[in-house]
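Colleague: Compute the structure for the input listed below.
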Amino acid sequence: MSRATPGITQTTTQRIVDSITAAIVERRLMPGTKLAEQRLADIFSVSRTVVRQALNQLSRDRLITLEPARGAFVATPSVEEAHQVFELRQLLEGAMMRLLVERITTVQIAELRAHLKAEQEAIALNHVAERTRLLAHFHSLLARMTGNQVLEELQADLLSRSSLISLMYQSSQSAAESSAEHKAIVDALERRQLKVAVELAESHIEQVERNLRLDPRAPDLAEALKEHV
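Modeller: Down below sits the predicted model:
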């Protein structure tokens, strides 16, 4: 039996990591879902050793949890973690605006406009998976356009964790509302309006968090059961 080269193994591991991450971001894998090693090995036609490497990487990224004697599960972020993630996202988005107002090009603005058009088309056609992917990718595009690779990697991590949080805490924000806020941000960037861009970016993240059910009201028992009494 031939031994896989390190480069091939690394590429395969990353493919598994990317596939699972995309499934979380696009809301195809729910928090708490069990990720059985053998099942993943069969799906990707790899050894369990390679799967284990991918799961370890996802665990370091806090997208899954590894539990002794139980296995791997899609992570279930706590309310406190959710607040911390969105607090950091708000700071990061404001920082990106400060960089982009100085650096963004007309070609990049055109790219963002094309992306907004794709968002709106997916929303109009009610393509849930596609619009979810595009709404998240808007923020990835902004990070890439800063030219700061470390910032781009940090943004990718936060977006993945945000997707898990949104799944767990049932965001009530409409896709159309998010896309409209994205358009306002692009308009401000195109006009080089630093203060407006920062305020819009920060308020957008604040609004996303506000629409999550992070602090659910303790239900009144009589109210909850009234239809059955």
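
Colleague: CA only for contacts and neighbour counts going forward, please
Modeller: Will do.

Colleague: which outside residues touch stretch 159-178?
Modeller: 21, 24-27, 30-31, 62-63, 75-77, 82, 85-86, 120, 123, 131-132, 135-136, 204, 208, 211-214 (CA atoms under 8 Å, 6 or more residues apart in numbering).

Colleague: repeat for stretch 95-105
Modeller: Stretch 95-105 is contacted by residues 142, 143, 145, 146, 189, 190, 192, 193, 194, 197, 198, 201 when judged by CA under 8 Å, 6+ apart.

Colleague: swap the cut-off to 6 Å and go again
Modeller: Contacts to stretch 95-105, defined as CA atoms under 6 Å, 6 or more residues apart in numbering, come from residues 146, 189, 192, 198.

Colleague: Mind exporting the C-alpha coordinates of that stretch to PDB?
Modeller: Taking Å, rounded to 0.1, in the frame of the first residue of the first chain, the C-alpha atoms of stretch 95-105 are listed here in PDB:
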ATOM      1  CA  ALA A  95     -11.800  49.100  11.200                       C
ATOM      2  CA  MET A  96     -12.400  47.700   7.700                       C
ATOM      3  CA  MET A  97     -14.300  50.800   6.700                       C
ATOM      4  CA  ARG A  98     -11.400  53.000   7.900                       C
ATOM      5  CA  LEU A  99      -9.100  51.000   5.600                       C
ATOM      6  CA  LEU A 100     -11.400  50.800   2.700                       C
ATOM      7  CA  VAL A 101     -12.300  54.400   2.400                       C
ATOM      8  CA  GLU A 102      -8.600  55.100   1.800                       C
ATOM      9  CA  ARG A 103      -7.900  52.100  -0.400                       C
ATOM     10  CA  ILE A 104     -11.000  50.900  -2.300                       C
ATOM     11  CA  THR A 105     -10.800  51.200  -6.100                       C
END
